[in-house]
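[1] Here you go, sequence then predicted model.
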There are 2 protein chains.
Amino acid sequence: MKWLLVLMVTIVSTNHVMAQNQKVRLAKLVIDSTQLEAYHKLLKEEVEASIEKEPGVLTLYAVSEKEKPTHITILEIYANEEAYKIHIQTPHFLKYKNGTKAMVKELELIEATPLIPTMKIK
Amino acid sequence: MKWLLVLMVTIVSTNHVMAQNQKVRLAKLVIDSTQLEAYHKLLKEEVEASIEKEPGVLTLYAVSEKEKPTHITILEIYANEEAYKIHIQTPHFLKYKNGTKAMVKELELIEATPLIPTMKIK
């Protein structure tokens, strides 16, 4: 059974190393209130296409604040820097980026370090 | 095969309804820089215990800002309000809350609405 132990240790180590390479970011946006519905539609379309088509996009978890619905935060996790570079060249990302240009009043991109890089959502 | 379709629709609908009941929050904290390491240790312990022991805690995804390591954001997702109420009475949460009281300089709790409530982390 030693091979099984070696395999398990290898898998755990590999996951750990892969998680260490992740690019994690918080995107904070303020949207023009008159265009909020249209913005939601474009963001949802972009997020769904990214998750479906790009293995390196691990999550794009977007929330709006209940008391300030124009304030959006997106937790972005990419497998690595390369996956991010691929992402921003995809047709679905470019469609979102160009389509929402006039809707986004403020954009702040905050590079982040996860406390537990292997954390998931149940 | 009609029963299979009914079953699948039921499962999808149930997931959707369950996701609608989620409590989603952003916790934004500023930590005393001289106690940051001790804070990380207590937070990590609390997060790991919550994820392991509480089925209703769906994620506690904590990040620190690379340029301002004392600034922490936690994406908190609970299955519902009840799961949250249970969470804040657990020994591991109370240990964290009491143990970090003197370390937390600012705390802002922002109730949020997820764009896609079924979103996961790959």
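    Great, that's in hand.
[2] my read: A:Glu108 touches A:Arg25, true?
    No - at 10.3 Å, A:Glu108 and A:Arg25 do not qualify as touching, with contact defined as C-beta atoms under 8 Å. The C-beta positions use only the backbone N, C-alpha and C, and glycine is treated the same way.
[3] if you count what's nearby, which of the two comes out ahead?
    When neighbours are counted by other C-beta atoms under 10 Å in any protein chain shown, A:Arg25 comes out ahead of the other of A:Glu108 and A:Arg25, with 17 against 10.
[4] State the distance from the more buried one to chain B.
    Computed as C-beta to the nearest C-beta, to the nearest Å, the A:Arg25 to chain B distance reads 9 Å.
[5] That residue in helix, strand or coil?
    strand (DSSP: H, G, I helix; E, B strand; the rest coil).
[6] How about the contacts made by it?
    Each residue near A:Arg25 by C-beta atoms under 8 Å, 6 or more residues apart in numbering or on different chains is listed here: A:75-76, A:109-112.
[7] what's the pLDDT at it?
    Reported pLDDT at A:Arg25 in the predicted model: 98.
[8] Just give the nearest non-adjacent residue to it, would you?
    In space, and not counting its chain neighbours, A:Arg25 is closest to A:Glu76: 4.5 Å by C-beta to C-beta, 6 or more residues apart in numbering or on different chains.
[9] I figured the one you found hits A:Thr59, correct?
    Yes - under the criterion of C-beta under 8 Å, A:Glu76 is in contact with A:Thr59, at a separation of 7.3 Å.
[10] Among the contacts of A:Arg25, name the ones in helices.
    Per DSSP state H, helices hold no members of these.
[11] Show me which of the residues you listed are buried.
    Under a neighbour-count criterion of 16 or more other C-beta atoms under 10 Å in any protein chain shown, the subset of the contacts of A:Arg25 counted as buried comprises A:75-76, A:110, A:112.
[12] Out of these, which comes closest to chain B?
    Taking C-beta to the nearest C-beta as the measure, A:Ala112 is the one of the buried ones among the contacts of A:Arg25 closest to chain B, at 3.8 Å.
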